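1. Test case, fold it:
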Amino acid sequence: MNRRSTRDGHTDWCGRDHRCGLGEHRSDEIVVDAGRARAVLVRVRTAAGRDHAEVRVRVALAPAELAARRQLVGLLDDMRQAVTRAAIAARPRPRRAGP
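-> So this is what the prediction gives:
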């Protein structure tokens, strides 16, 4: 993704409104609505220049307590895997030694 800032200090993806404040830049929300589940993603650049993704997830739970708990366990496991994959992808790769 593009890390450039425009002349007014905002990034190309910045929402440029009340969402930006205290040196932070925030994108418009990206919403994925899957009927009984919804995810909202916002890209954030901190005042220190570090980019982050904020993700909110809302999932309808089963009415039975045991089934709802099983859903939550599965959701937490899936989120752990997704966060781990994203963290690994963000790590700088070691440079290869020249010939």
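2. alpha carbons only for contacts and neighbour counts from here, please
-> OK.
3. how about residue 30, what does it touch?
-> Contacts for residue 30 (C-alpha atoms under 8 Å, 6 or more residues apart in numbering) come out as 40-42.
4. Now restrict the residues you listed to buried residues only.
-> 41-42 (16 or more other C-alpha atoms under 10 Å).
5. and of the contacts of residue 30, the nearest to residue 82?
-> residue 41 (13.6 Å; C-alpha to C-alpha).
6. quick revisit: now the contacts of residue 30 in a markdown table, with secondary structure, distance to residue 53 and pLDDT?
-> What follows is the contacts of residue 30, written out as a markdown table (DSSP: H, G, I helix; E, B strand; the rest coil; distance: C-alpha to C-alpha, whole Å; pLDDT from 0 to 100):
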| residue | secondary structure | distance to residue 53 | pLDDT |
| --- | --- | --- | --- |
| 40 | strand | 10 | 95 |
| 41 | strand | 7 | 93 |
| 42 | strand | 6 | 91 |
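7. Out of the contacts of residue 30, which comes closest to residue 74?
-> For these, the nearest to residue 74 is residue 40 (19.2 Å; C-alpha to C-alpha).
8. on that earlier part again, can you tell me which of the contacts of residue 30 lies nearest to residue 73?
-> residue 40 (20.5 Å).
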